[in-house]
Every structure is written in C-alpha cells, then in structure tokens.
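>>> I'll drop the sequence and a predicted model, then ask my questions.
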2 protein chains.
Amino acid sequence: MQQTKSRYPTVTYLSAPEMIRLVRRLGVPACIAGVAERIEREFLRWNEFDKSARVACHSNVGTIELMPVADAEQYAFKYVNGHPANWRLGLPTVMAFGVLADVHTGAPRLLSELTLTTAIRTAAMSGVAARALARRNSRRMALIGNGAQSEFQALAFRDLVGVRELHLFDIDRAASDKLAANLCGQGMEVHIFDSTADAVRGVDIVTTVTADKANATILTPEMIEPGMHVNAVGGDCPGKTELARAVVEAATVFVEFEPQSRIEGEIQQMPADFEVTEFWRVLAGVVAGRSSEMEVTLFDSVGFALEDFAALGFMRDQAMALGIGERIELLPEADDPKDLYGLVGASVAA
Amino acid sequence: MQQTKSRYPTVTYLSAPEMIRLVRRLGVPACIAGVAERIEREFLRWNEFDKSARVACHSNVGTIELMPVADAEQYAFKYVNGHPANWRLGLPTVMAFGVLADVHTGAPRLLSELTLTTAIRTAAMSGVAARALARRNSRRMALIGNGAQSEFQALAFRDLVGVRELHLFDIDRAASDKLAANLCGQGMEVHIFDSTADAVRGVDIVTTVTADKANATILTPEMIEPGMHVNAVGGDCPGKTELARAVVEAATVFVEFEPQSRIEGEIQQMPADFEVTEFWRVLAGVVAGRSSEMEVTLFDSVGFALEDFAALGFMRDQAMALGIGERIELLPEADDPKDLYGLVGASVAA
C-alpha cells in the first residue's frame, strides 16, 4: 500500500503570462491554424465523446458556465463567464480557464488560462465552419462587433477562408479603430462603416460577434443577400441572440451540438422541430454543406466543449515542446493514499 | 475605456501544501467545527441558491464530476473524481479542487485544493446531519470503510455528536490499523472488528464510507437495530450503493438535494416516489427529524455543491486572516479589456 510520491501525476499550469508567451512565440496565425486542425480532427470522431450541454448559472448581468467533455482517455472542462458590462469595470466580457484530466484516474493534468485561448478557438471554429459552408472564393467579410474577439476572427477568416477585405461596424467607434489599427499590415483591406446595414452590403460573409445580453436584432432580413454565409458568434445563451427570427428562418442552419444550441443559439427563437444540421456531419461528409451559390448558410455558433478540448490539447503539446508552463501543487501527495489525515493530523496533539 | 491593471480582481490560490499548512495551523477539529457551522448557515438559506444536480462523466473505472452552485453574490464549483482502484496506483480515490467566483463579474477569485477539504466538509456534513437525526446520547458508532475519509468522520462525530466509542471494519485490515493509530489519544475508545455485522452490533450510529463502485450491500436488514442512525456516505453515484434495498425501505430517509440524490444516492434503488426529506427542512424546523427512539433514520449522503460552497468560504476567510495563500495569474490583464489581441499581436509582425 505504501507508494512513493513520484507516482503522483504532475499538474502542469499554463498561467495567463505563460500562455501569452506561448502565443507570442508561435504567432496568433499559427495558433489559429493549429487549433483549427485539432478541431477538425476531434469533430471527425464526434461519436467517441461523452457530450453534454454546458451547465449555466444566469444572473441579470451575466452568465457563468461549466463545459465538460470527455473521450475514453481524456476529460476536459472549461469555466467561462459572459458579462457584457464588464468592460465598464475594466474587465473582459469573457474570462475563462480550463482543465485536462485523465479519465482512468480522474487526476487533473493541466490547468490552463483560457481567456486568450477561447478567442483563438472560437475564431478557429468559425473559420473551419466557413471553409466548409461559405461560397468558394469568399473574399469580403463584414465584422459586426469589434471587441476582444474580433482580431482573432479576422485572422482566422484570412488564413482559413481567404478573406481579404473587412467591413467593420461597432456601436463603439473606438473598438473599430482599435481593430483596424491591430489589423494594419496584415494583408487585409479594412473599412469602417457607420451601421451594420452599410457594413454588410455586398459581402460574402457576415460575422456577428457582439456582446449584449439581449434578444438583439443585429441582422434583419433586408440585409441578407443571396449566397451569404452568416457566422453568428455572439448569441450564445438564453435571451442572447443577434439575428432577427426571419433571418434564421430563411437560412440553412448549422450548429455545433444540437441539444445545447436549442437552448443557447439563435435557434432558441425557433420551434423545437426547426431543422438544423450538426456541423460535424458536414465535415464527415455525411451530409452536404451548401447546396447552391444562392443559398444562405448560417453557422449558429455558441461554443462547444469539444472546441476547448481541442484547444487545450494543442496548447499543452506546444507548451511541452517549448518548455513553457510550470508545475502546480494542486493535489496533496501522501505516501499512503488512504492516509490523507496523516498529512494534517500531527497538529491535533500539539 | 482605458483602465488601470489594478482594477483586475486578484485570484487567490490555496495549493495543497498551503491548505495543509492552514489545516495544521487551525487543527482538524477546528476546521470541522468551522465548516459545520458554515454548512448550517448556508443550508438555512437554501432557497437563495441556484442549485443543480452535478454533472458527471462516468467511465468503467470511475467518475469525474463538476458541482456548481451560486447565490446572488458568489458562484462556487468543485471538480471531483471517484476512482476506487486508484489506491493501487498510489493515488487517492478522491481528488478535488474548486473555485469561488463573483456572480456580478464572472471573475474567479479563489482557486483551492479540495481533496483534503472534501474530507473535512463531508465529515462536517455527516456530523451536522447526525446531530439533528440520531438519538440524543448516541455514543457508539460503527465506521465501515477505514480509508482516507474515516479519521475526519470519527472526529466530526466525536465533536458534533458526542461519539466516544468506535467500532471499525474494513476489508483492508491495514486501513483499520491506520485509522486506529491515527485516533490514538483522541479521546475515543476504538475497536477493530472482523466483519460489518460484528462492528455494527449494538451501536447507535453506523457510518458507511466505502469506495467500491458497485451496488454493494455493506448493510443488510438483519444488521439494523431499532433507533439506529445510518450515515451512508460512500454510495454516491449511479451504480454505487452501500445498503440493501430493504434497509433503505425500512428507514426514514433524509437527503441533501433530492434531484441529485435520486440519481446518485442509496435511493437510486427505490421507486421515484419513494418518500424522502431534504435535510435543510429539518434544520430549518419545517419538518421534524426523528420521531421516536425506535425509528431508524438514514442520512443518504452523496455530497452536494452547497457543502463545498460553505467549505470554500470558510477556508478562504481563514487563509486571509492568517496570510496563507498565493496570488495566481490565471487571467490576462490588458489595459483595454477590448484589446485582448494587443497582448499577443506584436509577435505577428516579428
């Protein structure tokens, strides 16, 4: 029964500063490409995963969610919030961290920041979906909502889809200016518009990544042109949508994990039998994606745990290869695992 | 929009070594008493909490669970596994950590080990329940299962209930020897028995805290004497029970959070309409606990998130008061929360 301490699994910790170091070292485009590749790989083995809709705790100002998923070997979960008014306090709207653990022992193996990583994986997921669903030769994209996630979306669409021209709009003009400045010299033509309607006119793809926790109508039917691909990222919890109901109704809708999307996605506005296709089926070639150049496709993205599973795996492997990350003592190490009390009992007599 | 970094909330980290330091400093009995007091306080405001059954991921060797709960101010969750064969690998059956976060911003504020703390809070919960449900003047307890949690159970029943004599049994005799040795000089008479039947004969309280993930029958009807209180701790996930169905049937059953207990508790063996009482109602005086000296009461404990909420709050306050704990950089700190990209974008040009 006696065991040596060395048999305890190491918990690796990727702090925010270490993750920033890792992403700077690799470059954002390489991270997006690497995570996109992992997302495709994991989505192609969809049925090997134990999946569930995330568990959300709602307040009137925001949401806190836990997002678990597992295959036969690894368990992952993410903690993530969504608080649209946080920027007024100098805080991000979205903050996140996550864990990878061994299914066979239940031991956590990696604790990682996921605030930055969530922006990367969300963009990678959007790009992977658009690559399969948007018209070939899509070059112009409107980007509605120019906050913390927008640069990552722009780069993902540049590299995964071939977008070369961006039309920006945000109710906060300073956010658009920041985005335009950050994209300077990145090989994309960038224009800032004064309204969503002006920004979306004539584009191939519309990405909405707004934060307001409300049933907003960022996109209305008259803005939608035949053949557009709509990448709706911001509507991602009950009571938080971005599209007018008629926009959803007129589109061919693809989702990540249907049980979760029914609660959280744009399709929360629709009847329970409104037809949607889980995107993994397109990737796997089980169903077709877009059927014509005139069809309007909608990727109703809410963010699914499997994307974080993919991102955690990529970041862990890269960090290991580059010697980035620390060891963290999250678990007590007893010589005898049945003698937890032995770690603390000595004080009782004292 | 520009904000100073100082407005970012600090995330405090209680590592396993720091928690061990804290518990040794306070002493295990003081921790049990403090957590018990918090559990009572939180259970008395039961209806102020956003409660849900925990989210479990099952494999054939164990379970990994996430346990969230929140009131209007604070959100807590625990990650915890249950892998009965882990001791063969030199690992604990149960490993855990958890987080306290602000409901208003979603920002995590405390990351803490909870392996040790889970043993303390489970014992405190058992003691709080038995204090309300067992016969007054209960002095003798059988403790079936003498693993990592058993010392904590023994001390909780000594201090909260007044138990002075312990009857031990475990299929692993070395575990009983370890428990007896750890309890030496703690003011309790300790006897080791060769079977559960021998250990439970004539006691006032039976605590079962075994680990096997199976529908085991640690207690069978002929072992149960009139007036006993049964504290069933080990049966805590689907397919993991400790009591024969007839034992449950003949007892007055109290549970923590009924929707979770129906899935995980001893009552998973019973029909959906089998009558149980949520324990908080007894504490609050809404319903009576024990109705006679002859009644058999059963606390069908599975472990509920609110107990971790209570324990995290207690440990955080004690750690703060004693200057224990570190700061952890789990969240990236940007001058402009809408400019996450600014933290990593510089490398792209390079």
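Arrived safely, thanks for sending. Residues are numbered from 1 along each chain as shown, chains lettered A, B, ... in the order given.
>>> Show me the domain layout of chain A.
Here the domain parsing of chain A from automatic domain parsing is A:5-116+A:306-341, A:136-303.
>>> For chain B, find the nearest of the ones you listed.
Smallest distance to chain B across the domains of chain A (C-beta to the nearest C-beta): 2.4 Å, for domain A:5-116+A:306-341. In short, each C-beta sits where N, CA and C put it, glycine included.
>>> Enumerate the residues of the stretch 101-250 of chain A near chain B.
Taking C-beta under 8 Å from any C-beta of the partner chain as the contact definition, the stretch 101-250 of chain A meets chain B at A:101, A:103-108, A:113, A:115-116, A:119, A:146-152, A:172, A:174-175, A:178, A:182, A:185-186.
>>> In helices, which of those fall?
A:115, A:116, A:119, A:150, A:151, A:152, A:174, A:175, A:178, A:182 (DSSP state H).
>>> Are any of these buried, and if so which?
Among those, those buried by neighbour count (16 or more other C-beta atoms under 10 Å in any protein chain shown) are A:115, A:116, A:119, A:150, A:151, A:152, A:175, A:178, A:182.
>>> Take the residues you listed and lay them out in a markdown table including pLDDT.
Shown next, in a markdown table, are these (pLDDT from 0 to 100):
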| residue | pLDDT |
| --- | --- |
| A:115 | 95 |
| A:116 | 96 |
| A:119 | 95 |
| A:150 | 97 |
| A:151 | 97 |
| A:152 | 98 |
| A:175 | 95 |
| A:178 | 96 |
| A:182 | 96 |
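>>> Low-confidence bits of chain A, can you list those?
Low-confidence segments of chain A (pLDDT under 70): A:1-8, A:213, A:346-350.
>>> All the helices of the stretch 201-350 of chain A, in order from the start?
All helices of the stretch 201-350 of chain A, identified by DSSP state H, counting those that start in this stretch, fall at A:245-250, A:258-264, A:279-283, A:305-322, A:346-349.
>>> looking at the ones you listed, which is closest to residue B:86?
Comparison of those against residue B:86 by C-beta to C-beta identifies helix A:305-322 as nearest, at 22.4 Å.
>>> what's the closest one packed up against?
Packing partners of helix A:305-322 (3 or more C-beta pairs under 8 Å, 6 or more residues apart in numbering or on different chains; DSSP states H and E): strand A:11-14, helix A:16-26, helix A:28-43, strand A:63-70, strand A:74-82, strand A:96-102, strand A:108-113, helix A:115-133.
>>> next SSE after the third one?
In this case it means helix A:28-43. Counting by DSSP states H and E, the element after helix A:28-43 in chain order, helix or strand, is strand A:50-51.
>>> What strands line up against that following strand, and which way round?
Paired with strand A:50-51 in the same sheet, following DSSP bridges, are strand A:63-70 (antiparallel).
>>> and the strand it pairs with with strand B:96-102, angle?
Calculated by axes from the mean of the first three to the mean of the last three C-alpha atoms, to 10 degrees, strand A:63-70 forms an angle of 160 degrees with strand B:96-102.
>>> so residue A:158 makes contact with residue A:205?
No - if you go by C-beta atoms under 8 Å, residue A:158 and residue A:205 don't touch, sitting 11.6 Å apart.
>>> Comparing the two, which residue is more hemmed in?
residue A:205 (26 against 20; other C-beta atoms under 10 Å in any protein chain shown).
>>> The more buried one: what's it in contact with?
By C-beta atoms under 8 Å, 6 or more residues apart in numbering or on different chains, the contact list for residue A:205 reads A:130, A:134, A:138, A:140-142, A:157, A:161, A:163, A:228-231.
>>> Now neighbour count too, for the residues you listed, in JSON lines please.
Formatted as JSON lines, the contacts of residue A:205 follow (neighbours: other C-beta atoms under 10 Å in any protein chain shown):
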{"residue": "A:130", "neighbour count": "27"}
{"residue": "A:134", "neighbour count": "26"}
{"residue": "A:138", "neighbour count": "21"}
{"residue": "A:140", "neighbour count": "18"}
{"residue": "A:141", "neighbour count": "28"}
{"residue": "A:142", "neighbour count": "29"}
{"residue": "A:157", "neighbour count": "29"}
{"residue": "A:161", "neighbour count": "26"}
{"residue": "A:163", "neighbour count": "27"}
{"residue": "A:228", "neighbour count": "25"}
{"residue": "A:229", "neighbour count": "27"}
{"residue": "A:230", "neighbour count": "28"}
{"residue": "A:231", "neighbour count": "29"}
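>>> and these, which of them are in strands?
Taking DSSP state E as the definition of strands, the contacts of residue A:205 contribute A:140, A:141, A:142, A:229, A:230, A:231.
>>> ok, so of these, who is nearest residue B:237?
Looking across the ones in strands among the contacts of residue A:205 and measuring by C-beta to C-beta, the closest to residue B:237 is residue A:231, at 39.7 Å.
>>> That closest one - nearest residue in space that isn't next to it in sequence?
By the measure of C-beta to C-beta, 6 or more residues apart in numbering or on different chains, the closest residue to residue A:231 outside its immediate chain neighbours is residue A:207, 4.3 Å from it.
>>> tell me the contacts of the one you found?
Residues in contact with residue A:207 (C-beta under 8 Å, 6+ apart) are A:126, A:141, A:142, A:143, A:144, A:153, A:157, A:231, A:233.
>>> Run a quick neighbour tally on the first one.
Put plainly, it is residue A:126. 27.
>>> Now it. Nearest residue, chain neighbours left out?
Closest to residue A:126 by C-beta to C-beta, 6+ apart is residue A:231, at 5.0 Å.
>>> quick revisit: which one of the contacts of residue A:205 is nearest residue A:52?
Out of the contacts of residue A:205, the member with the shortest distance to residue A:52 (by C-beta to C-beta) is residue A:231, at 24.6 Å.
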